[in-house]
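J.: I'd like to go over a predicted model; first the sequence, then the structure.
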Amino acid sequence: MDELVKMNKTEISVRMLTERLKGFTMPELCDGAGLYHSMDWQIRPWVGNNRICGPAVTVDVPSGEGGIVADAILSLNEGDVLVVAGRGNVSCSYWGDHRSICAAMRKAAGVVIDGAFRDVEGCEEAGFPIFAKGLTCGTAGKSEAGAINVPVSCGGVTVCPGDLIVGDRNGVIVIRPEEAEAVMERALDKRTRQEAVIKKMRETGEVIPKIPRL
């Protein structure tokens, strides 16, 4: 019973953090998080909402093998972001329209792929948010090799199950849940200082390219 209560509290905490993170832009969060939290710049939104935010469900796959990704979809809960560590391989697809339909039915928030996807028309019709490195028509291997919900490297960043994934047109960032409060505090500080500088410039006509630190 205690474990169930603990799990429920953790889930509530993650949901609350997720909702608060949605109030920041990616650049603001990057300012709050510092270096080495941002994925490869080539991973960008292709389909669906340009903004995703949620806890990570990770899947580690050998380059060119995507069979286990289908199994990983069954691990998704509402609001989760599936992170496919495809080792940057864009010569085959780890994702397509059928998987988008399935993930949407699981009410997941989106998928982030360090690799390529296909069936772009069908994916657009499904509307499920896809962040990926590329688009290709080629298929991936269908072996079950790989692992679900293990630490992975995706887009040059280590992602652990439950890490908070935030993405928009600027890119994708990975935030540890225990770091989220401090990241948002620093992001808010930067936003507040920038707003103050812009207000001063508009009032005085003075150009201030650098945002002063407190």
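T.: Received, thanks. Residues are numbered from 1 along each chain as shown.

J.: buried set for the strand of greatest length in the chain?
T.: In the chain, taking DSSP state E as the definition, the longest strand is strand 81-93. Within strand 81-93, the residues scored as buried using 16 or more other Cβ atoms under 10 Å are 81, 82, 83, 84, 85, 86, 87, 88, 89, 90, 92, 93. The way it works is simple: take the backbone N, C-alpha and C, and place the C-beta from them, glycine included.

J.: Give me the next element, helix or strand, following it.
T.: Sequence order places helix 97-105 as the next helix or strand after strand 81-93, per DSSP states H and E.

J.: Tell me which other helices or strands that following helix touches.
T.: Other helices and strands packing on helix 97-105, by 3 or more Cβ pairs under 8 Å, 6 or more residues apart in numbering; DSSP states H and E, are helix 67-73, strand 110-117, helix 120-126.

J.: still on that earlier bit, which strands and helices lie in contact with the longest strand of the chain?
T.: With contacts defined as 3+ Cβ pairs under 8 Å, 6+ apart, the secondary structure elements packing on strand 81-93 are strand 52-60, helix 67-73, strand 110-117, strand 130-135, strand 152-154, strand 164-168.

J.: tilt between it and helix 97-105?
T.: Angle of strand 81-93 versus helix 97-105, following axes from the mean of the first three to the mean of the last three Cα atoms, to 10 degrees, is 180 degrees.

J.: Give the next helix or strand downstream of the lowest-mean-pLDDT helix or strand in the chain.
T.: The helix or strand of the chain with the poorest confidence is helix 2-21; it has a mean of 70 (mean pLDDT, DSSP states H and E). Towards the C-terminus, the helix or strand next in line after helix 2-21, according to DSSP H and E, is helix 26-33.
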